[in-house]
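Q: Structure, please.
(one chain, ligands or ions: 2)
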Amino acid sequence: MHLIVDRQELARGNMIALTVEAPAIAGKIKPGQFVILRLHETGERVPLTVAYKDIQHGTLTIVFQVLGKTTALLGSLKIGDAIKDLVGPLGLADEFRRLGTIVGIGGGSGIAVLHHLLTGYAEAGNRLIGIIGAREKDFIILEEEMQVLCERLLTTTDDGSYGMHGLVTDALKGLVEEQLAIDLVIAVGPVVMMRAVCQMTRLYKIPTLVSLNPIMVDGTGMCGACRVTVGGQTKFACIDGPHFDGHLVDFDELIQRNNMYTRDEKSSLLFSIRAG
Ligand code: NAD
Ligand code: FES
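A: Ligands and ions are numbered 1, 2, ... in the order given. Predicted coordinates for the structure are as follows:
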């Protein structure tokens with residue numbers, strides 16, 4: 001059992017950060033790796049990328065958006081409640097090399113994952129420029145934390161209620177038009193956002209890393225649920241990823257696979273709400 005020691009509501013749109021005791025995982029996990037949790041004996045297994053770790057206190061912070069039945073249940077937990085199982089670290093850790101100038105792009109709850117990844121690249125001595133975007137002002141998360149990490153941070157909102165009016169790709173276009181020499185773009189967020197970023201960076205020949213979060217079940221490469229096509233080859237995001245060269249990812253297939261259970265998830269959430 002993993003005790004919940006802190007709970008924060010980060011933004012509107014049911015974005016929640018839970019800090020849980022997990023000293024064995026906190027001691028080993030690297031930015032970008034993830035855990036799979038199960039709330040009870042018969043519960044669904046949910047993969048979540050870790051947003052922050054505290055080795056001294058032996059805790060992990062996970063940030064998630066309430067979207068389906070299990071995340072709704074997770075979001076209803078309070079300080080003092082516990083999560084039954086937490087397995088990790090899972091996935092490959094990045095090699096945090098010194099590359100030069102890195103532009104990190106985060107959309108929605110993907111900003112939390114991006115922030116943790118960028119801490120690894122900051123420690124390696126890279127110059128970081130951040131772009132974070134959300135639908136509207138109240139959905140922006142971790143802006144102050146990103147400001148601490150990045151030499152420059154551009155914030156966008158789709159409706160123009162805060163920062164630059166537009167999508168994260170509009171801010172990226174602005175940087176490219178400034179003739180900024182970019183050595184790597186890292187994009188974490190909705191799949192359509194990562195696809196749009198990659199379409200743009202391919203044009204400008206900027207290497208691009210994306211963090212994929214397809215449907216996962218076992219997290220150990222056995223079930224095939226997280227299958228993605230990268231460079232024409234089948235890869236399993238849980239053991240070969242979750243980070244891939246974005247220019248090689250078949251995003252259309254990923255979108256199709258991710259949408260397969262959308263209707264079931266919605267009806268399961270509705271059923272659990274009605275059941276109280
Ligand atoms: P959202 O749909 O509100 O989008 C967030 C931002 O992404 C937008 O403000 C916009 O700037 C950008 N964006 C969205 N669509 C775009 C497009 N077509 N072109 C260019 N930019 C676009 O995001 P949300 O509702 O907060 O959802 C967050 C998503 O992030 C979820 O789908 C979740 O699964 C995903 N996520 C991914 C990871 C990961 O590891 N890849 C981690 C956490 C969350
Ligand atoms: Fe089963 Fe990746 S989650 S193979």
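
Q: Please count neighbours and contacts with C-alpha atoms only from this point.
A: Will do.

Q: Next, the buried residues of stretch 131-138.
A: In terms of neighbour count (16 or more other CA atoms under 10 Å), stretch 131-138 has its buried residues at Ile131, Ile132, Gly133, Ala134, Arg135, Glu136, Lys137.

Q: Looks like the third one contacts Thr155 (just checking).
A: Yes: taking CA atoms under 8 Å as the contact criterion, Gly133 and Thr155 are neighbours in contact, 5.7 Å apart.

Q: picking up where we left off before, what subset of the buried residues of stretch 131-138 is also close to ligand 2?
A: Contacts with ligand 2 are made by none of the buried residues of stretch 131-138, judged by CA under 6 Å from any ligand atom.

Q: Which member of these is positioned nearest ligand 1?
A: The shortest approach to ligand 1 among these belongs to Ala134, at 3.2 Å (CA to the nearest ligand atom).

Q: Would you mind pulling the contact partners of stretch 181-198?
A: With contacts defined as CA atoms under 8 Å, 6 or more residues apart in numbering, stretch 181-198 is touched by 99-111, 113-114, 169, 201, 206-212, 246-247, 251, 254-255.

Q: Any idea how far apart the tips of it sit?
A: By CA to CA, to the nearest Å, the extent of stretch 181-198 from end to end equals 17 Å.

Q: mean confidence for it?
A: For stretch 181-198, the mean pLDDT works out to 97.

Q: can you pull the buried residues of that stretch?
A: Going by neighbour count (16+ other CA under 10 Å), the buried part of stretch 181-198 is 182-191, 193-195, 197-198.

Q: Okay, and which of those residues map to helices?
A: Val191, Met193, Met194, Arg195, Val197, Cys198 (DSSP state H).

Q: Quickly note the distance from the fourth one to ligand 1.
A: Applying CA to the nearest ligand atom, to the nearest Å, the value for Arg195 to ligand 1 is 7 Å.

Q: just the fifth one next, same as before
A: Between Val197 and ligand 1 the distance is 7 Å, computed by CA to the nearest ligand atom.

Q: circling back: filter the contacts of stretch 181-198 down to the ones in helices?
A: Gly110, Ile111, Val113, Leu114, Thr169, Thr201, Phe251, Leu254, Ile255.

Q: Kindly identify which of those residues also come near ligand 1.
A: Within those, those near ligand 1 by CA under 6 Å from any ligand atom are Gly110, Val113, Thr169.

Q: Please pick the buried ones from the contacts of stretch 181-198.
A: The neighbour count (16+ other CA under 10 Å) marks 101-111, 113-114, 169, 201, 206-212, 246-247, 251, 254 as buried among the contacts of stretch 181-198.
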